[in-house]
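1. no FASTA, just this:
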């Protein structure tokens, strides 16, 4: 039996884009299942009174350079979006709605590609999501009604609070058993973990 | 001819401890020279008006767990020091004084081991540094006089300002040509860089 890797993600998190791609071969190598959990960073940051600090220009510029290094190393079509940051709660609700249609992961791949590779921020909002549903063969009206329902709203809050309760504080985060791995750059540790007996 | 890797470090930076150890095998594999530069983070943070943000407990706790994962993976005797953070300018001056005796790197290894493995914060101050000098076969009085001299003080300021001028904003940082790698967790990128033709 493969292990389960809980994957907390937000569409607005650059590193979640990379993490989505990087976890796949690792999970495949070890027969592990990746269970995605939308994690509403807007909600988390409000809860933690997170203040976006002004950073030195050299640091900001280095971060972008570093992201393109990751893209090059892993052959990903990443490009920094024009509109950033974005509000993502509608997209996160969409993922939970797609879970009911059995298409949560393809939906994630789709919206991450649209936003982080093709500079299309509409997939974070009601304006762009119906197209995504159609592309995945899901009725867009049925999908949008569900995505915007109170029920799914409560489910997103529960997913986010559930993450917080077990010690998740940011995205991307991978949880394997009791072990919490934050960020896209701990894949070696995750692989070490999966190699160890359960 | 091997390339030169400029290594900006501060004794008070946990990740500089790891970086010091992790860069060695990579430099050795590629015949590169590591040129250390003490980088006075206290000075840098004052200049950048860096404010230490209050962080959620889960994040702080995860950071410590992560450090011990690094130690285990790389078989390092790291332990989180009791006294942290510390003022390091005297130790950084010491490194520059030791440069004159041709023992900068052994000095760095010595003080990093004492602080980050043996919980001895005295090596950051005038109280503990003479012992280090003696252990390295350098006259402690001569060493301390030099370390505390105005000349070395100016040299430390120049090293730090020189780093800032070329875009270094934190420690550890590795600079190879025009490329700046911040942190202990970009060793793969550094190795990729060293593999590319000059």
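-> Sure, I can see it. Remember, it's a predicted structure, so these values are computed and weren't measured experimentally.
2. Quick check: residues of chain A near chain B?
-> Proximity of chain A to chain B (Cβ under 8 Å from any Cβ of the partner chain) is limited to residues A:48-51, A:53-56, A:58-59, A:61-62, A:65-66, A:69, A:73, A:164, A:167-170, A:180, A:182, A:185-186, A:188-189, A:192. Bear in mind the C-beta positions are built from the backbone N, C-alpha and C, glycine included.
3. Identify those among those residues that sit within strands.
-> Among the residues of chain A next to chain B, the members falling in strands (DSSP state E) are A:180, A:182.
4. Report the buried members of the residues of chain A next to chain B.
-> Among the residues of chain A next to chain B, those classed as buried by 16 or more other Cβ atoms under 10 Å in any protein chain shown are A:48, A:50, A:56, A:58, A:62, A:66, A:69, A:164, A:167-170, A:180, A:182, A:185-186, A:189.
5. what about the helices in chain A?
-> A:14-29, A:41-47, A:57-73, A:89-100, A:104-116, A:129-135, A:140-147, A:150-165, A:187-195 (DSSP state H).
6. closest one to residue B:33 among those?
-> Nearest of those to residue B:33, taken as Cβ to Cβ: helix A:57-73 at 22.6 Å.
7. For the closest one, name the packing helices and strands.
-> helix A:14-29, strand B:179-182, helix B:187-195 (3 or more Cβ pairs under 8 Å, 6 or more residues apart in numbering or on different chains; DSSP states H and E).
8. what's the angle from the longest one to helix A:57-73?
-> Read it as helix A:14-29. Calculated by axes from the mean of the first three to the mean of the last three Cα atoms, to 10 degrees, helix A:14-29 forms an angle of 30 degrees with helix A:57-73.
9. Output the below-cut-off pLDDT ranges for chain A.
-> For chain A, the stretches with pLDDT under 70 are A:1, A:52.
10. can you do 80?
-> Where chain A drops to pLDDT under 80, the residues are A:1, A:49-54, A:198.
11. give the contact list for the residue positioned nearest the centre of it.
-> In chain A, the centroid-proximal residue (Cα atoms, centre = their mean) is residue A:9; its distance is 2.7 Å. Listed by Cβ atoms under 8 Å, 6 or more residues apart in numbering or on different chains, the contact set of residue A:9 reads A:16, A:19, A:20, A:36, A:37, A:38, A:39, A:108, A:171, A:172.
12. beta partners for it?
-> For residue A:9, the beta-bridge partners are residue A:38 (DSSP bridges).
13. so how far is chain B from it?
-> Distance of residue A:9 to chain B, given as Cβ to the nearest Cβ, to the nearest Å: 17 Å.
14. Mark which of the contacts of residue A:9 are buried, thanks.
-> A:16, A:19, A:20, A:36, A:37, A:38, A:39, A:108, A:171, A:172.
15. what's the burial count for residue A:86?
-> 17 (other Cβ atoms under 10 Å in any protein chain shown).
16. any idea how far residue A:113 is from the nearest residue to it once chain neighbours are set aside?
-> Leaving out its chain neighbours, the residue that sits closest to residue A:86 by Cβ to Cβ, 6 or more residues apart in numbering or on different chains is residue A:124, at 4.8 Å. Relative to residue A:113, residue A:124 is positioned 13 Å away (Cβ to Cβ, to the nearest Å).
17. who has more neighbours, those two?
-> Between residue A:124 and residue A:113, counted using other Cβ under 10 Å, the more crowded position is residue A:124 (25 against 18).
18. Show the contacting residues for that one.
-> Contacts for residue A:124 (Cβ under 8 Å, 6+ apart) come out as A:11, A:12, A:86, A:87, A:88, A:90, A:91, A:111, A:115.
19. Quick one: buried ones out of the residues you listed?
-> Neighbour-count burial (16+ other Cβ under 10 Å) applied to the contacts of residue A:124 gives A:11, A:12, A:86, A:88, A:90, A:91, A:111, A:115.
20. quick check, nearest of the residues you listed to chain B?
-> residue A:12 (18.4 Å; Cβ to the nearest Cβ).
21. What distance do you get for that closest one to residue A:170?
-> 12 Å.
22. which neighbours do those two share?
-> Joint contacts of residue A:12 and residue A:170 (Cβ under 8 Å, 6+ apart) are residue A:41.
23. would you turn the helices and strands packed on helix A:57-73 into a markdown table with distance to residue A:148?
-> A markdown table is the format used below for the helices and strands packed on helix A:57-73 (distance: least, Cβ to Cβ, whole Å):
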| stretch | distance to residue A:148 |
| --- | --- |
| helix A:14-29 | 22 |
| strand B:179-182 | 41 |
| helix B:187-195 | 42 |
